[in-house]
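> Structure here, sequence nowhere to be found:
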């Protein structure tokens, strides 16, 4: 963990380096020493249908959800969230200066009862 899910309004696609943003979020998550690299997943979901504030079609949004396993203390969650949010805001700064843009970030702990996984990436990355 974490799984980082980047949702963004379609009108931003030409203005943001989405692959660069995903790599940056992955790198920040890995650098914190909290999340092992083989457990990090970053994916993006373009949203074609959205309504922001007064409906001005120039407004955009980027929201990142960090889904993490339970058990990390509040200070660790807060620190990691801030590091990732800072990287997100820095990456989006040029767009933020040009247009109305909502940037948000949320940490969600995954309930372990219903979370099933199978992952051979830890072994493969050790090779």
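Arrived safely, thanks for sending. Here the structure is a predicted model, which means the values were calculated and not measured.
> where exactly do the helices run in this protein?
For the chain, the helices defined by DSSP state H cover 18-31, 74-98, 121-126.
> Which pLDDT does the model give residue 1?
Model confidence at residue 1, given as pLDDT, is 66.
> give me the low-pLDDT residue ranges for this structure?
1 (pLDDT under 70).
> Could you report the neighbour count for the residue nearest to residue 91 when sequence neighbours are not counted?
Nearest in space to residue 91, with sequence neighbours left out and distances taken as C-beta to C-beta, 6 or more residues apart in numbering, is residue 21 at 5.0 Å. C-beta coordinates here come from the backbone N, C-alpha and C atoms, glycine included. Residue 21 has 21 neighbours, counted by other C-beta atoms under 10 Å.
> ditto for residue 28
By other C-beta under 10 Å, the residues close to residue 28 number 19.
> who touches the residue nearest to residue 91 in this structure?
6, 44, 88, 91, 92 (C-beta atoms under 8 Å, 6 or more residues apart in numbering).
> returning to what we had before: need the helices of the chain in TSV with distance to residue 48, can you?
Below are those laid out as TSV (distance: least, C-beta to C-beta, whole Å):
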stretch	distance to residue 48
helix 18-31	15
helix 74-98	18
helix 121-126	31
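> Quick check: which of these is buried the most?
helix 18-31 (a mean of 16; mean count of other C-beta atoms under 10 Å).
> where's it relative to the chain centroid, distance-wise?
Between the centre of helix 18-31 and the centre of its chain there are 8 Å (C-alpha atoms, centre = their mean, to the nearest Å).
> Next one: residue 63 relative to residue 50, how far apart?
Separation of residue 63 from residue 50 (C-beta to C-beta, to the nearest Å) stands at 10 Å.
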